[in-house]
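Q: Just need the structure, nothing else, for what follows:
(one chain, ligands or ions: 2)
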Amino acid sequence: MKIKVINARVLQSDGKMESTEMVMENGMIQEIGRNLNQTVVDRVWDAKGLFISPGFVDVHVHLREPGGEAKETIETGTQAAAKGGFTTICAMPNTTPVPDDGQTLDELKRRIKETAHVRVLPYASITSRQVGQKLVDMETLADKGAFAFTDDGVGIQDAGMMLEAMKAASSAGKAVVAHCEDNSLVHKGVCHEGDVSQRLSLPGIMSTTESVQIARDVLLAEQTGCHYHICHVSTKESVRIIRNAKKAGIHVTAEVTPHHLVLQEDDIMEDHGFYKMNPPLRSREDQQALLEGLKDGTIDFIATDHAPHTEEEKQQGFLDAPFGITGLETAFPLLYTHLVEEGFCTLKELVDWMTVKPAAVFHLPYGTLAPGAPADFTLIDLTSDRAVVRETFLSKGKNTPFNGWTLKGWPVLTVVNGNLTWEESTHEAART
Ligand SMILES: NC(=O)N[C@@H](CC(=O)O)C(=O)O
Ligand SMILES: [Zn+2]
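A: Ligands and ions are numbered 1, 2, ... in the order given. Prediction:
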């Protein structure tokens, strides 16, 4: 099957937008450019002047299956991903059971193969059942296709355990991906310790809860030579430590979430579970440091930390709701509207942070429209304003603090490996 996309607009390497055509065959991009002379094709898709972006890559997604199917399944989570323009996502292992041995990882891969609508790369855990006691067999799990190793949801408390994890991951050729949180500094906190914890009289989470563990781990990464990737960085001290570690030549990389870039503690309007996530929304200065860190390359890319929960769980206050918000279906419009339209960055920078940058950090062949790459792309309407309506999410998790926000930059069609995986119903007429 040979498909030609016509009338698309693509970003050039200099950031300029140009009209383009693209031919794909057998799931791969064959050619992209102006007025391609390939006329004999099976189908023609008219992009009607929409922006064509490489499919987004998100290395931090909670799909909840197995064990948490009331919150999300591989099927609903990947439908949400496709609707958000994502074509490759990495599934976090805080599920029941945890993929911590060959058998559970094989079973997870089987479920992915059967039900996923986009490419899913599964993480394996660092420790058995994610309880921090026993290291998994990283060699075996890497051979079976674990994307990388993480105990996301909890920090690795023991420095000796982190050292062993980094040594093993390094010899298996994989990264250690760390949720940084020192439990001895948590004190049952539910929001940032600062203005918001005082305003709402809630127990706070100190910034050092995160940064102390990052400081420890960059030194261990230096010692072991391991690729150490930091999840959802949220504080200015963390940004400073990562900046210094990179200057020292340590193999450290980091991600930031859309919500930590767009929101800060003063935006928490009420004591409601939709504003509760881990790490919490921090101060205005922290938000500023994250934006600066992203801009200067200290933070490598953006990841959603899509964390769906049930309505019942999240319609509670800060004290009782679980941590986490959904992210896949709002990420690009949110960032396009609030970072690009407001002049913080260019469209090219934003797209790079969601495509080639994460792909490069983890050596993935995705996130590009180059000939020879898998045909993973999304067509995006950069001009229409539309409100976020959480009830329309394909994710089971409707837990978002962005409901009702008017945004631009909505994906209308998503293709993975040359296959149409999602399409806005109003756009169907465009294909002939
Ligand atoms: N981010 C969150 O607030 N929650 C995540 C866990 C995590 O990413 O730490 C979850 O699994 O719900
Ligand atoms: Zn986490």
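
Q: so where is this structure shaky, pLDDT-wise?
A: Low-confidence segments of the chain (pLDDT under 70): 427-432.

Q: Find the nearest non-adjacent residue to Ala70, please.
A: Leaving aside its chain neighbours, Ala70 sits nearest to Thr310 (5.4 Å; criterion: Cβ to Cβ, 6 or more residues apart in numbering). Just so you know, the C-beta spots here come from the backbone N, C-alpha and C atoms, and that holds for glycine as well.

Q: Against Tyr123, how distant is the closest residue to ligand 1 within the stretch 1-150 of the chain?
A: Residue nearest to ligand 1 within the stretch 1-150 of the chain (Cβ to the nearest ligand atom): His62, separated by 4.5 Å. His62 sits at a distance of 11 Å from Tyr123 (criterion: Cβ to Cβ, to the nearest Å).

Q: For these two, list the residues in contact with both.
A: Common contacts of His62 and Tyr123 (Cβ atoms under 8 Å, 6 or more residues apart in numbering): 91-92.

Q: For the residue of the stretch 1-150 of the chain closest to ligand 1, give me its contacts.
A: His62 makes contact with 72, 77, 91-92, 94, 305-308, 324, according to Cβ under 8 Å, 6+ apart.

Q: which of those residues are the two that sit furthest away from each other?
A: Within the contacts of His62, Ala91 and Gly324 form the most distant pair, 14.6 Å apart (Cβ to Cβ).

Q: the more surrounded of the two?
A: With neighbours defined as other Cβ atoms under 10 Å, Ala91 and Gly324 compare such that Ala91 has more, 25 against 22.

Q: Quick check, the more buried one in contact with Val61.
A: Yes: counting by Cβ atoms under 8 Å, Ala91 does reach Val61; the two are 5.9 Å apart.

Q: Check what contacts whatever helix or strand Ala289 lives in and list those residues.
A: Assigned by DSSP states H and E, Ala289 belongs to helix 284-295. Outside helix 284-295, the residues that touch it by Cβ under 8 Å, 6+ apart are 207, 233-236, 239-240, 242-243, 254, 256, 260-261, 263-266, 298-299, 302, 344-345, 349, 353.

Q: quick one: which helix or strand includes His229?
A: Counting by DSSP H and E, His229 is part of strand 228-230.

Q: Please report the distance of Glu107 from ligand 2.
A: Glu107 is 23 Å from ligand 2, where distance means Cβ to the ion, to the nearest Å.

Q: how many other residues sit next to that residue?
A: A count of neighbours around Glu107, defined by other Cβ under 10 Å, yields 13.

Q: sorry, back to before: of the contacts of helix 284-295, select the buried ones using a ChimeraX command.
A: Buried residues within those, by 16 or more other Cβ atoms under 10 Å, are selected in ChimeraX with:
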select :207,233,234,235,236,239,240,242,243,254,256,260,261,263,264,265,298,299,302,345,349,353
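
Q: Let's see which of the contacts of helix 284-295 end up in strands.
A: Counting by DSSP state E, the contacts of helix 284-295 place 254, 256, 302 in strands.

Q: Tell me the bridge partners for the nearest residue to the first one once chain neighbours are set aside.
A: The spatially closest residue to Ala254, leaving aside those adjacent along the chain, is Ile230, at 4.3 Å (Cβ to Cβ, 6+ apart). Partner residues in beta bridges with Ile230: Ala178, Ala254, with DSSP bridges as the criterion.

Q: For Ile230, give its distance to ligand 2.
A: 10 Å.

Q: how many other residues sit next to that residue?
A: 27.

Q: Got the phi and psi for Lys357?
A: Phi and psi for Lys357, reported as degrees, to the nearest 10, are phi -70, psi -50.

Q: you'd agree it is up against Gly297?
A: No: with contact defined as Cβ under 8 Å, Lys357 does not reach Gly297; the gap is 9.2 Å.

Q: higher neighbour count, those two?
A: Neighbour totals were compared for Lys357 and Gly297, and Lys357 leads with 21 against 10 (other Cβ under 10 Å).

Q: Could you find the closest non-adjacent residue to the more buried one?
A: Of all residues not flanking Lys357 in the chain, Phe301 sits nearest, at 3.9 Å (Cβ to Cβ, 6+ apart).

Q: any idea how far Val361 is from the one you found?
A: Phe301 is 7 Å from Val361, where distance means Cβ to Cβ.

Q: Who are the contact partners of the residue of the chain found nearest ligand 2?
A: Among the residues of the chain, His179 lies closest to ligand 2, at 3.5 Å counting by Cβ to the ion. Listed by Cβ under 8 Å, 6+ apart, the contact partners of His179 are 150-155, 231-232.

Q: how about a cut-off of 6 Å?
A: His179 makes contact with 152, 155, 231 under the criterion Cβ atoms under 6 Å, 6 or more residues apart in numbering.
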